[in-house]
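Colleague: Okay, here's the prediction I keep looking at, along with the sequence it came from:
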Amino acid sequence: MQLDKDIEQVRQSLIKADKIQEELDRRVFHLKTLYDVSKDIYSSTDTKTILRSFLLMSMGNFGAMEAIITLADLPEKAAQHIIAIGLGVHDRSQLEPWSVEAVLRQPCTCELTHCEFLSEELPEAIDLAVSFRLDEDWAGLYALGPKLIGDPYSENDKELLVTLLNNLVIALKNARSFEEIKQLNADLEAKNIQLQASLRKVELLESIKDNLSKFVPVTVSRMIEKSPTGVMPESRKRDLSVLFLDIEGYTRLCEKLGGQETNSIIEKHFSVFMDAIHENNGDVNETAGDGLMVLFLDDDEKTNALQAVRTALAIRGKAQEICDQCTSLYRPLDINMGINSGMALVGAAKFDSYTGSRWTYTARGQLTNIAARVGAQANKGGIYITKSTAERIKDEYELNSVGALELKNVSEPVEVFSL
């Protein structure tokens, strides 16, 4: 009898664990989808390109072959953008006027940025439709055809769609700000630049700067400020130091604590890390769940190496402070880091595709590869640096030789030191 009870208890525990894992997988999938879609729509300032990119990415995510998105000016009672993919001529001729009418029915008092699924009877080609607001004057409608697999859209699908649409709204606001600035520049040239117009331009530029700082590296924001028309300087070889950071045991942490608690812990760590990075003039180039890539671009080679090392040491020191604030951690997280210094190709790179153009700012070359490989060799919160970095900072810090390490996809052994 007791054995049966024990077996049933184990069975219930396994069922509960399966549900927790399923929820974690769902959240991870949602975060990855949000990251992928955001990368595409935040890389452009053209409204039509943003809408088309969003349409293609979301259709792929939900497994739909037909979709339409409409953006309208409410005071003017007119559609400004209508993009449809996968619809036949007959369906499109019916859906375009229907979508415009559905957008214009939104009351002006509707909650801003609010998303609402249409409860009315939908056209035959549409299985799911949701309206959304940008501001008092602009609203939109997004409609999806049936899934290829024939399943209905679930509540999880709707939750993810609302999150994606909220990000789309931010991207469209940025695009409209860029368009307003371009129009303002044209007006200023025709009107001899009056003081009031100049002040409005500054306010708009500051607004864009604040929005961009949430989504792109500081270096890219500065480049856009210098070149608002989108003309970026070519990449060039320059000296820098690159720091790669990785949280050891991240996957195990996710399994133990769950997605929400893990995300909270990572956010606390990265928020503090960002302070240390910016204090040392670092520029976060890439983030990937539990890792960061940081560039230190000071023109003086010793200075950029010292900035990278000081950042690494500050991060290691702050890990203990953060642990004291996280009740679910019984000890500080191990933050493994690798640093390499030297010449690399640094600058903006443009990727063109049928969905539009996307810019990224990074350092490319063997220098970056070795920094990543060296960081991967570190463990238990170690800070590994290459010989080139060590030569620049040896007068400031005591170093311990790790030896010459064989690194993946690197032909020659690399001499490594630890801090």
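Modeller: Right, received. Where do you want to start? None of these values were measured; they are calculated from a predicted model.
Colleague: residue boundaries of the helices in the protein?
Modeller: Applying DSSP state H to the chain gives helices spanning 2-41, 47-62, 89-104, 155-190, 195-212, 218-226, 250-257, 259-279, 301-325, 366-377, 387-393.
Colleague: Averaged pLDDT, the longest one. What do you get?
Modeller: Taken as a whole, helix 2-41 has an average pLDDT of 61.
Colleague: shaky segments in the stretch 1-150 of the chain?
Modeller: Filtered on pLDDT under 70, the stretch 1-150 of the chain yields the residue ranges 1-4, 6, 8, 10, 13-42, 107-114.
Colleague: if we go to 80?
Modeller: By pLDDT under 80, the low-scoring segments of the stretch 1-150 of the chain are 1-44, 106-115, 119.
Colleague: go on, the stretch 151-300 of the chain?
Modeller: Confidence mapping of the stretch 151-300 of the chain against pLDDT under 80 gives the ranges 180, 182, 184-235, 249-272, 285-291.
Colleague: mind redoing it with 90?
Modeller: Residues of the stretch 151-300 of the chain meeting the criterion pLDDT under 90: 154-236, 246-278, 281-293.
Colleague: Bridge partners for residue 400, pull those for me.
Modeller: Beta bridges link residue 400 to residue 418, judged by DSSP bridges.
Colleague: which ones are touching it?
Modeller: Applying Cβ atoms under 8 Å, 6 or more residues apart in numbering, we find residue 400 in contact with 417, 418, 419. Yep, even glycine has a C-beta here, placed from its N, CA and C like the rest.
Colleague: Show the buried residues in those.
Modeller: Buried residues within the contacts of residue 400, counting neighbours by 16 or more other Cβ atoms under 10 Å: 417, 419.
Colleague: Closest to residue 397 out of the contacts of residue 400?
Modeller: Within the contacts of residue 400, the smallest distance to residue 397 is 6.2 Å, found for residue 419 (Cβ to Cβ).
Colleague: Nearest residue to that closest one in space, please, no chain neighbours.
Modeller: residue 383 (4.3 Å; Cβ to Cβ, 6 or more residues apart in numbering).
Colleague: One more: residue 295?
Modeller: In space, residue 295 comes closest to residue 283 once its chain neighbours are excluded; the distance is 4.8 Å by Cβ to Cβ, 6+ apart.
Colleague: Ok, residue 313 next?
Modeller: residue 419 (6.6 Å).
Colleague: isn't that neighbour right next to residue 399, touching?
Modeller: Yes. The criterion here is Cβ atoms under 8 Å, and residue 419 meets it with residue 399 at 6.7 Å.
Colleague: Residue 336 contacts residue 418, correct?
Modeller: No. Applying Cβ under 8 Å as the test, residue 336 and residue 418 come out as separate, 11.0 Å apart.
Colleague: hey, what's in contact with both of the two?
Modeller: Shared contacts of residue 336 and residue 418 (Cβ under 8 Å, 6+ apart): 378, 382, 383.
Colleague: want to throw those residues into JSON lines with pLDDT and neighbour count?
Modeller: Below are the shared contacts of residue 336 and residue 418 laid out as JSON lines (pLDDT from 0 to 100; neighbours: other Cβ atoms under 10 Å):
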{"residue": "378", "pLDDT": "90", "neighbour count": "23"}
{"residue": "382", "pLDDT": "90", "neighbour count": "18"}
{"residue": "383", "pLDDT": "94", "neighbour count": "23"}
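Colleague: What about the residues you listed, which are in strands?
Modeller: residue 383 (DSSP state E).
Colleague: Tell me the one of the shared contacts of residue 336 and residue 418 nearest residue 189?
Modeller: Checking the shared contacts of residue 336 and residue 418 against residue 189 with Cβ to Cβ, the nearest one is residue 383 at 52.8 Å.
Colleague: residue contacts, that closest one?
Modeller: By Cβ under 8 Å, 6+ apart, the residues touching residue 383 are 309, 312, 313, 316, 336, 337, 338, 339, 418, 419.
Colleague: do that again at 7 Å, thanks
Modeller: Taking Cβ atoms under 7 Å, 6 or more residues apart in numbering as the contact definition, residue 383 lies against 312, 316, 337, 418, 419.
Colleague: Out of these, which comes closest to residue 116?
Modeller: Taking Cβ to Cβ as the measure, residue 116 sits nearest to residue 337 out of the contacts of residue 383, at 46.4 Å.
Colleague: My read is that the closest one contacts residue 242, right?
Modeller: No. Counting by Cβ atoms under 7 Å, residue 337 stays clear of residue 242, with 10.8 Å between them.
Colleague: Serialize the contacts of residue 383 to TSV and add fields for pLDDT and distance to residue 235.
Modeller: Below are the contacts of residue 383 laid out as TSV (pLDDT from 0 to 100; distance: Cβ to Cβ, whole Å):
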residue	pLDDT	distance to residue 235
312	92	26
316	88	32
337	92	25
418	92	32
419	88	30
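Colleague: tell me which of the residues you listed is nearest to residue 98?
Modeller: residue 337 (55.3 Å).
Colleague: that older thread, wait, doesn't the residue nearest to residue 313 sit right on residue 397?
Modeller: Yes. Judged on Cβ under 7 Å, residue 419 makes contact with residue 397 at a distance of 6.2 Å.
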